Each structure stands twice: as C-alpha cells, then as structure tokens.
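Colleague: A structural model of the following input is requested.
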Amino acid sequence: MTRFTQNPTVISMERDHFSWNTSFPAATICPSNRFDEEKLDAYVEKSSAKNKTYLKLFLQSLSEATYTNFENVLPYYDIPASEFLNILMEIQFTFKPYVTNSGLTGSQYNLTQIMSEMGICYSYNSELAIYNSPGTECRINMANRLCGCVPHFYRQLASDKVCNVSGLHCLSRYKEQLIQGNCQCIANCDEVNYFVEEFDTREWFLGSNLQWGLKYPKMRLKRNVIFGFSDFLVYIGGIAGLFLGCSVLSFIEIVYFFTLRLYWFIVKYHHHHQGRN
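Modeller: A predicted model of the protein is given here:
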C-alpha cells in the first residue's frame, strides 16, 4: 500500500537526443524603467490634482509595485483602483526592441506587450499573449481570500475587486506567503527548464543589446509509473488468492449476490406469491 501511495514512479535517463524536438524558449523582456519621465510629467500636468508633486511620487511608486514592495506604495485615494492599470499603460516607458534570429535569414520577430507581475513586459515566440498559469491563479485566489482584492496587474473577473493602496498594503503583510505560493499545483506532463551557464555584461555604445545562445540538451529525465492502480489490483488479487483462495472477481461476485441477485430473487418471490393468490 505504501508503494502505491508514496513511491509509484521511477525516474529514468534518456540520451537519444538526435530524435528530440527541442522548442526554442519564449523570451520575455521586462524594461527596468517602468515609466517614461515625459509621459509621467504630461499626465501629472493635465490632472486636476491639488498636489501634483505628490501625485507624481505616487505614480512612480505604483509603477514599481510588485509583491516584494507593495508597502512602498504611497497612500493616495483620489484615483480609483480600477484606473491604476490604464494609467500605468499611459505612462509606460517607450520600448521598441528589434529581435532577430542568429541564422542567415535574419527574420524579425514581433513582440507582444503583456502585463505581468513584474510590470509591463514584452514576449515573443508564441501566438498566445496570455497564458493560464496555475501559480498565478493560485495567487489571485490567495489575495482574494487574505485581503478581499487582487492586484491591478492581473486580468480581473467581474467578481474581482481591484486593490487600492490599502489593499496593496494588506497584501504586503502576506508577501512571503504569496511569493512562495504553496499551492500544491499538479506538475505538467512535459516541463522544460533552462539553466544559465554563463552570464556577462559589458558597456555598449549603440544602446542596449542582448545576445543569447542555446545549447541543445543531450540528456533528459523521464518519469514513468511502475506501480499504478491496475498493478495494485493485481497485487491485492494475488495476496487474496494466496491466503484466501479467492480473487478480485470473487469479491465482485459477493457484491453481485447481495445486490442484483438478491433484488431479482425478491422480485420473483413477490410475483410468485401474487400469482398463487
């Protein structure tokens, strides 16, 4: 029983890498500058806020907000929480990356703007711009349960309430719980991990430039079930046959005799007595 519940799988190593289809990673680029200074100044100037300097400081802290620093968001309640995301999109940093492959064709890739837990990012190598992540869904449910709202950078449902500054400060009290995300999500059938082998930065006079290379794997790990439910039934049947002289089919027959067989016996007995009367 312990083997079936705790150790039903075995991990094996495969090295036949010539027949594998290794997908190229879908890179996501997140600018370190979360807001454009000129766009921020323009938004503050056209606003009707009495203290424009404080409004600017608030928007700067809001654009940097994530699970690790929600407590740093300045208190400001003149803007509805439902407008946070629209404002951040309006003052976002202007970023137009040019991405090409390393082949001779030099194909250009179109980047899709996405809103993530790290702010506004850009992703490519997939036709999908938004992914269903069990971890993200778990954190959304956890935030709803702990503080009754969800952060502004998530796609909200009609029933979700967007966190205002008080809600963000509430989430900051549970930052470790939210970051660790003990959600007990079921693992994917196929999971690909990329490990950094070498990382180097240097000054470049033509602006930011990111280059990366991918070494294709020559080994992968595969997990197989060696003791499933059918094996468990065979094991129980063998033990029962050895010590009791019966099998799993015998237990099914016992259930049959005490249910269907008994029911039809009572029905026939009832009809027989009605016919005699």
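Colleague: C-alpha only now, for contacts and for neighbours.
Modeller: Fine.
Colleague: and R145, backbone torsions?
Modeller: The phi and psi torsions at R145 (degrees, to the nearest 10) take the values phi -70, psi -40.
Colleague: Distance check, it against R139.
Modeller: Separation of R145 from R139 (C-alpha to C-alpha, to the nearest Å) stands at 10 Å.
Colleague: Kindly report the same for W204.
Modeller: Taking C-alpha to C-alpha, one finds W204 at 39 Å from R139.
Colleague: Those two: which is more packed in?
Modeller: More neighbours surround R139 than the other of W204 and R139, with 21 against 8 (other C-alpha atoms under 10 Å).
Colleague: Grab the nearest non-local neighbour of that one.
Modeller: L178 (6.1 Å; C-alpha to C-alpha, 6 or more residues apart in numbering).
Colleague: Report the contact partners of that neighbour.
Modeller: 67, 139, 142-143 (C-alpha atoms under 8 Å, 6 or more residues apart in numbering).
Colleague: swap the cut-off to 10 Å and go again
Modeller: By C-alpha atoms under 10 Å, 6 or more residues apart in numbering, the residues touching L178 are 67-68, 138-140, 142-143, 146, 171-172.
Colleague: where does the stretch 1-150 of the chain dip in pLDDT?
Modeller: 1-6, 23-24, 97-110, 125-133 (pLDDT under 70).
Colleague: now with 90?
Modeller: Applying pLDDT under 90 to the stretch 1-150 of the chain picks out residues 1-34, 48-49, 93-141.
Colleague: which residues of it fall in helices?
Modeller: Counting by DSSP state H, counting those that start in this stretch, one finds helices in the stretch 1-150 of the chain at the ranges 2-6, 37-46, 52-63, 84-90, 134-147.
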